[in-house]
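*Asks:* okay, structure incoming, though there's no sequence with it:
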């Protein structure tokens, strides 16, 4: 019993360990080395953009604030009490040209017209009387002098009296015209199609010549002054020194909420000077009917003071190539996949960058595949492979 226990506890484990060691050595001596296989280098996976030559219109973007083309302070020209005010003569009210705005008490001016007419009638009568007296004097002088060529004094023929009568008649006519003008000035009408920005008049108020009663802004057109860098001006055919030029078409845009509103305009002039603070030139964009008063389907108003974005159509660039802006690399270079699917780094001439696009004039050819994917450690000759995704530009 003791021998059996010794065999199980000591001898058997030693035999098992020795057998396992011998089997391991046998397998180690007789094992075969695995075959070596080389993996094919397929190249870096990249997205590419195929270049096409095209004619591209330059678009200049800028911002500005809407202002009225015409703005005046309305003042009274006669004295009197205001007897009537239009209901539209309030801030935000609109008037058509010639539409009544307010009236001043006109009784005194009507009487002045009647008085001037009476004075004119007296002046006309006095002139007729003097003409008759002058004719009688001539006849009497002929009878007295006979055939002798004796020269008479101007007083004999009433010449000074005739001059005075004619002068009095002219003065009376002028006085009547002035009285009629003053009477017409008691009825104040809109000088042009306008928007009331502010008012300071009410029924019963006593006004004098020169009193400011309202601030008016024209509604036929609005302007946006757009600052542009001197480098941007080379792409625009703009007038100089206050003269009118080709008036490049312009799109005025304003996003309100999720909706984009647009108005068509044009560049009508430059201000002819450089802003001393920003060192930028300023062009004036004109938009007709900013409040849509003449439109059948009136949209949102292009209101005074609104900050807007503008896109000005500039020069047409012929035979250029447009690539995504992200494809333009450091040092004005691009990555091109050649026919052998190798990376080639080429210097290019970039003549303009617009938002997401770069406009190239030379350095690449039509049909070249421009690499868009970012590659770490990109070197000339790197093997590439193309994805099937497509990229679009303008």
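*Replies:* Nice, I can see it. What you are looking at is a predicted structure, and each value in this text was computed from that prediction instead of being measured.

*Asks:* any low-confidence regions in the chain?
*Replies:* 1-12, 14, 21, 23, 26, 31-41, 145-158, 239-245, 388-394 (pLDDT under 70).

*Asks:* which elements pack onto the longest helix seen in the chain?
*Replies:* Scanning the chain for the helix with the most residues, using DSSP state H, yields helix 107-145. Here helix 107-145 touches helix 159-184, going by 3 or more C-beta pairs under 8 Å, 6 or more residues apart in numbering; DSSP states H and E. Where you see a C-beta, it was placed from the backbone N, CA and C, and this is true even at glycine.

*Asks:* who's in contact with the following helix or strand past the helix it packs on?
*Replies:* As assigned by DSSP states H and E, the chain's next helix or strand after helix 159-184 is strand 187-189. Identification of contacts with strand 187-189 by C-beta atoms under 8 Å, 6 or more residues apart in numbering yields 74, 76, 97-104, 106, 213.

*Asks:* ok, so of these, who is nearest residue 30?
*Replies:* residue 97 (111.9 Å; C-beta to C-beta).

*Asks:* give me the three-state assignment for that closest one.
*Replies:* coil (DSSP: H, G, I helix; E, B strand; the rest coil).

*Asks:* now do the contacts for it.
*Replies:* Counted by C-beta under 8 Å, 6+ apart, residue 97 has contacts 189-194.

*Asks:* just the buried ones from those?
*Replies:* Buried residues within these, defined by neighbour count using 16 or more other C-beta atoms under 10 Å: 190, 193-194.

*Asks:* any buried residues in stretch 118-134, and which?
*Replies:* 119-120, 123, 126-127, 130, 134.

*Asks:* tell me how many other residues crowd residue 94.
*Replies:* By other C-beta atoms under 10 Å, the residues close to residue 94 number 14.

*Asks:* show me the contacts for it.
*Replies:* Applying C-beta under 8 Å, 6+ apart to residue 94 gives the contacts 88, 193-196, 219, 291, 293.

*Asks:* which residues does it bridge with?
*Replies:* residue 195 (DSSP bridges).

*Asks:* and it, how far from residue 292?
*Replies:* Using C-beta to C-beta, to the nearest Å, one gets 11 Å for the distance from residue 94 to residue 292.

*Asks:* next: residue 194.
*Replies:* 15 Å.

*Asks:* isn't residue 213 right next to residue 202, touching?
*Replies:* No - contact criterion C-beta atoms under 8 Å: residue 213 and residue 202 do not qualify, at 9.5 Å.

*Asks:* so where does residue 82 fall, helix or strand?
*Replies:* Residue 82 is part of strand 80-85 when elements are defined by DSSP H and E.

*Asks:* with residue 74 instead?
*Replies:* Take DSSP H and E as the rule and residue 74 turns out to sit in strand 71-75.

*Asks:* which positions in that strand come out as buried?
*Replies:* Under 16+ other C-beta under 10 Å, the buried positions of strand 71-75 are residue 74.

*Asks:* packing partners of it?
*Replies:* Where contact means 3+ C-beta pairs under 8 Å, 6+ apart, strand 71-75 is packed against strand 212-218.

*Asks:* circling back to that earlier point, mind putting the contacts of residue 94 into a markdown table with distance to residue 321?
*Replies:* Shown next, in a markdown table, are the contacts of residue 94 (distance: C-beta to C-beta, whole Å):
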| residue | distance to residue 321 |
| --- | --- |
| 88 | 57 |
| 193 | 48 |
| 194 | 50 |
| 195 | 48 |
| 196 | 54 |
| 219 | 45 |
| 291 | 43 |
| 293 | 46 |
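
*Asks:* now which of those would you call buried?
*Replies:* For the contacts of residue 94, a burial check counting by 16+ other C-beta under 10 Å picks out 193-196, 219, 291.

*Asks:* residue 253 bridge partners, please.
*Replies:* Applying DSSP bridges, one finds that residue 253 bridges with residue 262, residue 309.

*Asks:* so how far does stretch 364-382 reach from one end to the other?
*Replies:* Across its full length, stretch 364-382 reaches 19 Å between end residues, using C-alpha to C-alpha, to the nearest Å.

*Asks:* contacts for that stretch?
*Replies:* 43-53, 321, 323-324, 326-327, 334-337, 342-346, 348, 384, 386, 391.

*Asks:* one step back: which single one of the buried residues of stretch 118-134 is nearest to residue 19?
*Replies:* Distance to residue 19 across those (C-beta to C-beta) is lowest for residue 120, with 150.3 Å.
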